[in-house]
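S.K.: The sequence and its predicted three-dimensional model are supplied below.
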2 protein chains.
Amino acid sequence: MQSRTSAPRATGGRPRSATADAAILAATRAALVELGWSKLTLGDVATRAGVAKTTLYRRWAGKNELVVDAVAELFDELEIPDRGSLAADVEGVVLQFAAILARPEAKSGLMAVIAESVRDDALRARIRTSIVDRQKRLVLEGRARAQVRGELPPETDPEESARTTDLIFDVIAGTVVHRALVSAEPVDPDWARAFAKLLLNGLTASATA
Amino acid sequence: MQSRTSAPRATGGRPRSATADAAILAATRAALVELGWSKLTLGDVATRAGVAKTTLYRRWAGKNELVVDAVAELFDELEIPDRGSLAADVEGVVLQFAAILARPEAKSGLMAVIAESVRDDALRARIRTSIVDRQKRLVLEGRARAQVRGELPPETDPEESARTTDLIFDVIAGTVVHRALVSAEPVDPDWARAFAKLLLNGLTASATA
DNA sequence: AGGCTTTCGCTACGAGCCGTAGCGTAACCG
DNA sequence: CGGTTACGCTACGGCTCGTAGCGAAAGCCT
């Protein structure tokens, strides 16, 4: 996870407690659930985790970095099971993604750190590497499967392919986040099916519903 | 705009200064540009606006409500010019929306208040009425025009139509926000064209590029 | 064993911001 | 010209921040 502050990690000496790391991240998520981002304080997290506040500051630079690491762990469980068709695969991953976003610790934390990342390049890089980019594999897998099935044409230009991957990722992730957190409406199977149909067939074919 | 704290507005007495309202909102945007959300303090905004801190608290309940109103004004300039085709209309509104999001005061403020709205139903309602819902008219206009042109089939079920409108709105707004703020990549005409094509024709026709 | 290095828990501290109360003054209405 | 409300200003307790300084603990090496 490489969660800590980049440590010189000199040889010898007392090693950092690994259990403390886990306790702190768990305490952070618990605090996010109970208090939300704005009322979460590092002193409170330290108390919940049973460590001293100074220990927390020795490992993380601040609230932002801590919450990124605490939230990132939530997204590691994402998988894209083979459901037999591209449409079904899209629906599946949308529902999985939405299930994570429905958890209060994800809701409270994710948007807040993204908002903070607007003014903090290092933080945005951290978010990208530990959360966003890690999920792009799902798009790549899904496309590859669909091409094997013959649902999508094989790719020619690798650069064009990368651009398309980024576009698809922005569409799926952005749409689901907007539905769940801004519109605040449920991402249920019906909605996922309608979205997958739109994504595959486009607006002009929407009458073929 | 109905920005203020819902005031009983009793008759008689000294009326609230209208210029102060504008000065405060402008000062809030300036502070967002210079400091960003997290370092913005109400005392600083009051000083910038040339009003007392207490005046600010008499009109807004807190930082969240103030920033929502300050940011909401930015989105009122959105229009959807008739460019002759649905694809061109989509590209146009995407670029307009992105231009607003590119402004630092919008970047810093919008995501932060959305994050806060996760734990504050009243705030989310305020965001919806003063920002989100107000822009759905663009989707309705664009669809109506496309139907007149014959690019989209006329609608039958009004309930189904409303669901589709919401879906399209989530897709466009969510995707653009994700591209601009999370991926942090430029929303330029090339990208807008690719996105519009995907939205209209769907993934399966992407080879027809 | 002994020594070295690093982490840990604890306490304390100045600094900054919050949100409110209290007061006298200014602006508008009938 | 009274009545009513908004305004500017000051001051305050309370909270969180992030850091410093200490003694103790935990592991690695010879």
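M.R.: Good, I have the coordinates. Numbers count the residues shown, from 1 in each chain, chains lettered A, B, ... in the order given.
S.K.: hey, let's count contacts and neighbours off CA atoms from now on
M.R.: Will do.
S.K.: Help me confirm that A:W37 comes into contact with A:G109.
M.R.: Yes. The pair A:W37 / A:G109 is scored as a contact, 6.0 Å apart, by CA atoms under 8 Å.
S.K.: count of residues packed around the closest residue to A:V51 other than its chain neighbours?
M.R.: Using CA to CA, 6 or more residues apart in numbering or on different chains and skipping the chain neighbours, the partner closest in space to A:V51 is A:A20 (7.3 Å). Other residues lying near A:A20 total 16 when counted by other CA atoms under 10 Å in any protein chain shown.
S.K.: Hmm, A:A49 and A:A20 touching each other?
M.R.: Yes. In terms of CA under 8 Å, A:A20 counts as a neighbour of A:A49; the distance is 7.4 Å.
S.K.: Any idea how far apart the tips of stretch A:146-154 sit?
M.R.: By CA to CA, to the nearest Å, the extent of stretch A:146-154 from end to end equals 9 Å.
S.K.: now what about it, what contacts it?
M.R.: Contacts with stretch A:146-154, where a contact means CA atoms under 8 Å, 6 or more residues apart in numbering or on different chains, come from A:85-86, A:143, B:203-204, B:207.
S.K.: of those, buried ones?
M.R.: By neighbour count, with 16 or more other CA atoms under 10 Å in any protein chain shown, the contacts of stretch A:146-154 hold A:86, A:143, B:203-204 as buried.
S.K.: ok, and which of the residues you listed reach DNA strand D?
M.R.: Counting by CA under 7 Å from any atom of the strand, nothing from those sits close to DNA strand D.
S.K.: Enumerate every residue touching A:F75.
M.R.: A:F75 is in contact with A:100, A:131, counting by CA under 8 Å, 6+ apart.
S.K.: From A:V68, how far off is it?
M.R.: Distance from A:F75 to A:V68, by CA to CA: 11 Å.
S.K.: do A:A102 as well
M.R.: 17 Å.
S.K.: Among the buried ones among the contacts of stretch A:146-154, which are located in strands?
M.R.: Members of the buried ones among the contacts of stretch A:146-154 lying in strands (criterion: DSSP state E): none.
S.K.: can you put those residues in a markdown table and add pLDDT?
M.R.: A markdown table is the format used below for the buried ones among the contacts of stretch A:146-154 (pLDDT from 0 to 100):
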| residue | pLDDT |
| --- | --- |
| A:L86 | 97 |
| A:R143 | 96 |
| B:L203 | 95 |
| B:T204 | 90 |
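S.K.: Out of the residues you listed, list just those in helices.
M.R.: A:86, A:143 (DSSP state H).
S.K.: Between the buried ones among the contacts of stretch A:146-154, which sits nearest DNA strand D?
M.R.: Nearest to DNA strand D among the buried ones among the contacts of stretch A:146-154, counting by CA to the nearest atom of the strand, is A:R143 at 42.9 Å.
S.K.: That closest one: what's it in contact with?
M.R.: A:R143 neighbours (CA under 8 Å, 6+ apart): A:86, A:152.
S.K.: tell me the phi and psi of the residue of chain A found nearest chain B?
M.R.: Distances between chain A and chain B by CA to the nearest CA are smallest at A:G202, namely 3.7 Å. Main-chain dihedrals, A:G202, degrees, to the nearest 10: phi 90, psi 170.
S.K.: ok, how many other residues are close to it?
M.R.: As a burial measure, A:G202 scores 21 neighbours (other CA under 10 Å).
S.K.: Name the nearest residue to it, ignoring sequence neighbours.
M.R.: Looking at A:G202 with CA to CA, 6+ apart, the closest residue is B:G202, at 3.7 Å.
S.K.: Distance check, the one you found against A:L198.
M.R.: Between B:G202 and A:L198 the computed distance is 7 Å (CA to CA).
S.K.: for A:E116, same thing?
M.R.: Taken as CA to CA, the span from A:E116 to A:L198 is 32 Å.
S.K.: which of these two has more neighbours?
M.R.: Between A:E116 and A:L198, A:L198 has the larger neighbour count (other CA under 10 Å), namely 26 against 21.
S.K.: now what about the strand or helix carrying the more buried one, what contacts it?
M.R.: Using DSSP states H and E, A:L198 falls within helix A:189-201. With contact meaning CA under 8 Å, 6+ apart, helix A:189-201 is reached by A:87-88, A:90-91, A:94-95, A:206, B:167, B:198-205.
S.K.: what about stretch A:14-26 and DNA strand D, touching?
M.R.: Yes. For stretch A:14-26, a contact with DNA strand D is found by CA under 7 Å from any atom of the strand, at A:14-15.
S.K.: in which helix or strand would I find A:P153?
M.R.: Counting by DSSP H and E, there is no helix or strand that carries A:P153.
S.K.: and what of A:R126?
M.R.: helix A:121-127.
S.K.: what comes up buried for that helix?
M.R.: A:123-124, A:126-127.
S.K.: Over to stretch A:76-95?
M.R.: A:80, A:86-95.
S.K.: Pull up the distance across that stretch, start to finish.
M.R.: Using CA to CA, the two ends of stretch A:76-95 sit 15 Å apart.
S.K.: who's in contact with that stretch?
M.R.: Residues contacting stretch A:76-95 (CA under 8 Å, 6+ apart): A:96-97, A:135, A:138, A:141-143, A:145-146, A:149, A:151, A:172, A:176, A:187-189, A:192-193, A:195-197, A:200.
S.K.: now do stretch A:166-177
M.R.: By CA under 8 Å, 6+ apart, stretch A:166-177 touches A:94, A:97-98, A:101, A:136, A:139, A:187, B:170-179, B:183, B:195.
S.K.: measure the nearest residue to A:A46 once chain neighbours are set aside to DNA strand C for me?
M.R.: Excluding the flanking residues, the one nearest A:A46 by CA to CA, 6+ apart is A:K53, at 5.2 Å. Distance of A:K53 to DNA strand C, computed by CA to the nearest atom of the strand, to the nearest Å: 7 Å.
S.K.: who's in contact with A:K53?
M.R.: The contact partners of A:K53, by CA under 8 Å, 6+ apart, come to A:42-43, A:46-47.
S.K.: what ranges do the helices span in chain A?
M.R.: Under DSSP H, chain A gives helices at A:18-35, A:42-49, A:53-59, A:63-72, A:86-102, A:104-117, A:121-127, A:133-149, A:158-177, A:189-201.
S.K.: Many thanks, I have nothing further to ask.
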